[in-house]
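Enquirer: My questions concern the predicted model and sequence given below.
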Amino acid sequence: MEEHEKKDHEHPKNEQLENMNVLDSTQTVIKNALDKLGYPEEVFELMKEPMRLLTVRIPIRMDDGSTKVFTGYRAQHNDAVGPTKGGVRFHPDVTEQEVKALSIWMSLKAGIVDLPYGGGKGGIVCDPRKMSFHELERLSRGYVRAISQVVGPTKDIPAPDVFTNSQIMAWMLDEYSRIREFDSPGFITGKPIVLGGSHGRESATAKGVTICIREAAKKKGLNMKGARIAVQGFGNAGSFLAKFMHDAGAKVVGIADAHGALYDADGLDIDYLLDRRDSFGTVTNLFKDRLSNQELLEVDCDILVPAAIENQITEKNAENIKAEIVVEAANGPTTLKATKILADRGVLLVPDVLASSGGVTVSYFEWVQNNQGYYWTEEEVETKLEQVMVQAFENIYKLSHGRRIDMRLAAYMIGVRKMAEASRFRGWI
Ligand SMILES: NC(=O)C1=CN([C@@H]2O[C@H](COP(=O)(O)OP(=O)(O)OC[C@H]3O[C@@H](n4cnc5c(N)ncnc54)[C@H](O)[C@@H]3O)[C@@H](O)[C@H]2O)C=CC1
Ligand SMILES: O=C(O)CCC(=O)C(=O)O
C-alpha cells in the first residue's frame, strides 16, 4: 500500500510532462488530417509508419587504427507517388523514431510542393565535429555500401541535412557510382555543381523560408524593412536565412548555434558572423557575452525562426515567445502543445513541412536536370522555386482560414492527399 501510494504521488508529475516524441506528434496530426479529409482508418494504418526501415551497422577504421562501429538508418515512408527522397543526418542524437518522423515529414513536403516523390530520410549516430576529414569520408562511403540495395535514382534519393554537406554528397555519389559501375548523378542531390549539382540548392532551404516569411509578413501587415528577426541555428538553413533577411533590410537581432546565442537589439553584424562561422555552423563560442539557446527564443522580435533541431518551442516557453510570426525552418521545432498555445495567442506559425520545403524542391530540380543532362541557370531555378513556394503558402493559408484550423493541420491535409490517392489507385488501401 505504501509502495502504491508513493507511485501514485510520483506519477502525476510525469504525466504533466509534454510528450516530446516526434513520431507520436506527427502521427497525431496525420490522424487529424485524414479524419478531416474523410479517409478511413486503414489509410492512417498505412501512413503512420514508414513502409520500410533499414538499420545498418557500419564498421569504420579510425585514424588511430582502431575500428568503430556506427549505427545508421534509412527510412522510406511511402513510395506510392514515386521514389522516396530526403536528407541524411549525421548527429549524436539521431534515433530510429526521429528518422521515421523525418521520413514522414518528407512525404508531406512532397505533397505540399507537389513533387513526384514519397518521403525518405536517413541518419547516422555520430558526431562529425569530433571526426577527421578522412574518417568522415570512410563513414559516408560505408553508409552507401550498407544501404546501396534500397537506394538509387529511381528508388530513393538522399540529400544533405544536419551536419552533412555537398562534400559528403560527393563521396556518397562516388561510392554509389563505383558499386553500380556507371556514373549516377541522379542518385543523390545537394552535390557540388561540378558533379551535377544545381545552382541554388545550397541556399534553397533558406530561400524558401525567406519567401514564407515575406508572405506571412504580408498577411500580418508587417513591413519587412526594419522587422526584427531572431534565428536559432546558424548552419545551412539559418546562416543563409540571416544573410537574406539582413540584405532585405530586416534587422537580425539574434542568432544561435549549438553553443549559445548572440543578441543585439540594434542588429548583429551578419557578414562578420558569416565570415567567422565554421563549417558546422558554429560561431557563438567566439564570444563571451552569450545568451542560451532557450533565451534566444524569448527575445523581443517580430519574427522567430527556429532553424536547428526538434522540440525547441514547447509548452514551457510558448507563452513567452514575443514574435508575432514563427517560421519553422527546422524540422519539428515546435511541439503540439506549443503549436496550440501560439495559435490561441494569434501568432502566425508557418509549419516546417511548408517552410522548409524549398530544399527538397530544388533537390527535385537538380534530379530533373541530372535526368535530362541539361542544366539551368540560377535565375531559372529561383523563378521556379518562387512560383512553387508562393503557391504552396497560399494553398495552406487559404485552407487554414477557410476551415478555421491552424496552419500545421492545413499543411498536413494538403500534404497527405496525393499520397493517399496514389496509394488508393495502386490498390494498397
Ligand atoms: N539543409 C537542408 O537543405 C534542410 C534542412 N532542414 C532542417 O533545418 C535544420 C537545420 O539544418 P541545416 O541548417 O541543414 O544543418 P547544419 O548542420 O548546416 O546546421 C545546424 C545548426 O544547428 C545547430 N545545432 C546543432 N545541434 C544543436 C543543438 N543541440 N541545439 C541548438 N542548435 C544546434 C548547429 O550549431 C548549427 O548552427 C534541421 O532541422 C534540418 O532538418 C530542413 C530542410 C532542408
Ligand atoms: O533535399 C532533399 O531532398 C531533402 C531535404 C530534407 O532532408 C528536408 O527537407 O528535411
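Expert: Cool, got the structure. Ligands and ions are numbered 1, 2, ... in the order given.

Enquirer: residues from the stretch 1-150 of the chain in reach of ligand 2?
Expert: Contact residues, the stretch 1-150 of the chain versus ligand 2 (Cβ under 6 Å from any ligand atom): 85, 86, 87, 109. The C-beta positions use only the backbone N, C-alpha and C, and glycine is treated the same way.

Enquirer: Which members of those are classed as buried?
Expert: Buried subset of those (neighbour count, 16 or more other Cβ atoms under 10 Å): 85, 86, 87, 109.

Enquirer: Among the residues you listed, name the ones in helices.
Expert: Per DSSP state H, helices hold the following members of these: residue 109.

Enquirer: So which of the buried ones among the residues of the stretch 1-150 of the chain next to ligand 2 are in strands?
Expert: Of those, the ones assigned to strands by DSSP state E are residue 85.

Enquirer: Closest one of the buried ones among the residues of the stretch 1-150 of the chain next to ligand 2 to ligand 1?
Expert: Checking these against ligand 1 by Cβ to the nearest ligand atom gives residue 87 as the nearest, at 6.2 Å.

Enquirer: list the contacts for that closest one?
Expert: Taking Cβ atoms under 8 Å, 6 or more residues apart in numbering, we find residue 87 in contact with 102, 121, 122, 158, 159, 160, 161, 164, 190, 359.

Enquirer: Could you find the closest non-adjacent residue to it?
Expert: Leaving aside its chain neighbours, residue 87 sits nearest to residue 161 (3.1 Å; criterion: Cβ to Cβ, 6 or more residues apart in numbering).

Enquirer: quick one: residue 113 and ligand 1, what's the gap?
Expert: According to Cβ to the nearest ligand atom, to the nearest Å, residue 113 and ligand 1 sit 12 Å apart.

Enquirer: Got the confidence number for that residue?
Expert: For residue 113, the model assigns a pLDDT of 98.

Enquirer: That one: what's it in contact with?
Expert: Neighbours of residue 113 in contact, by Cβ under 8 Å, 6+ apart: 357, 360, 361, 388, 389, 392.

Enquirer: How is the last one assigned, secondary-structure-wise?
Expert: So the one you mean is residue 392. helix (DSSP: H, G, I helix; E, B strand; the rest coil).

Enquirer: how many other residues sit next to it?
Expert: If you count neighbours by other Cβ atoms under 10 Å, residue 392 ends up with 28.

Enquirer: As a markdown table, the contacts of residue 87 with pLDDT, distance to residue 242 and secondary structure would be great.
Expert: Output for these, formatted as a markdown table (pLDDT from 0 to 100; distance: Cβ to Cβ, whole Å; DSSP: H, G, I helix; E, B strand; the rest coil):
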| residue | pLDDT | distance to residue 242 | secondary structure |
| --- | --- | --- | --- |
| 102 | 98 | 24 | helix |
| 121 | 98 | 25 | strand |
| 122 | 98 | 27 | strand |
| 158 | 98 | 27 | coil |
| 159 | 98 | 22 | coil |
| 160 | 98 | 19 | strand |
| 161 | 98 | 19 | coil |
| 164 | 98 | 20 | coil |
| 190 | 98 | 20 | coil |
| 359 | 98 | 16 | helix |
